[in-house]
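Undergrad: Task: produce atomic coordinates for the following.
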Amino acid sequence: MSGPWYEREQPDADYVRKHQLGLWKLKVGRNQLSESTIELIEHILLIYNPDGTTGFGSYRGYASFGLDKRLSESIYRALTSKLHARTLAMKKLRRYFAPLVVHHLYKPQGISYKNVKKNTNIGKEKLSKKLI
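TA: Numbers count the residues shown, from 1 in each chain. You can find the predicted model right below:
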């Protein structure tokens with residue numbers, strides 16, 4: 001075998017996953033990138049590129065052409081469906097669950113109501129003479 005090493009050797013699955021993670025971080029954007037989103041991307045990449053996967057071509061071919069188009073589209077579909085499901089779940093939590101929690105915290109004799117009543121002058125009839 002002759003030729004440079006980058007034409008003879010091929011990247012392993014771990015190298016490809018790390019490279020793809022960096023690319024997906026850029027595609028998702030810094031505004032929406034959280035620790036759970038990074039874990040989701042890593043999980044999906046691990047599903048589609050498990051350890052021991054080969055067939056990425058040489059380093060030169062991978063750097064020039066990237067992943068196979070079908071594999072890339074499969075990863076894109078899986079990632080977008082999971083992110084969409086997460087967005088819908090968060091909307092439901094904000095719409096239905098958060099008002100319920102706020103109601104129970106701040107209703108009369110609720111935990112936060114008692115804390116506010118104890119630590120402030122709200123709802124007290126007379127101020128102490130020291131404060132006047």
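Undergrad: May I have the phi/psi pair for residue 10?
TA: Here is the backbone geometry of residue 10 (degrees, to the nearest 10): phi -120, psi 150.
Undergrad: and it, what does it touch?
TA: Residue 10 sits next to 54, 56, 57, 58, 59, 62 when contact means Cβ atoms under 8 Å, 6 or more residues apart in numbering. In this view, the C-beta of every residue, glycine as well, is placed from N, C-alpha and C.
Undergrad: of these, buried ones?
TA: For the contacts of residue 10, a burial check counting by 16 or more other Cβ atoms under 10 Å picks out 56, 57, 58, 59, 62.
Undergrad: The spatially most central residue of the chain: which element?
TA: Geometric centre of the chain, nearest residue: residue 37, 1.5 Å, by Cα atoms, centre = their mean. Here residue 37 sits within helix 35-48, counting by DSSP states H and E.
Undergrad: before we move on, what about residue 55?
TA: Using DSSP H and E, residue 55 maps to neither a helix nor a strand.
Undergrad: Do a quick rundown of the helices in this protein.
TA: Along the chain, the segments classed as helices by DSSP state H run 5-8, 13-28, 35-48, 59-65, 69-92, 98-106, 111-119.
Undergrad: Rebuild those helices as a markdown table, extending it with mean pLDDT.
TA: Putting these into a markdown table (pLDDT from 0 to 100) gives the following:
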| stretch | mean pLDDT |
| --- | --- |
| helix 5-8 | 80 |
| helix 13-28 | 90 |
| helix 35-48 | 93 |
| helix 59-65 | 88 |
| helix 69-92 | 93 |
| helix 98-106 | 87 |
| helix 111-119 | 81 |
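Undergrad: Out of the buried ones among the contacts of residue 10, which is nearest to residue 86?
TA: Closest to residue 86 out of these is residue 56 (29.1 Å), distances taken as Cβ to Cβ.
Undergrad: Which pLDDT does the model give the closest one?
TA: Residue 56 is assigned 86 on the pLDDT scale.
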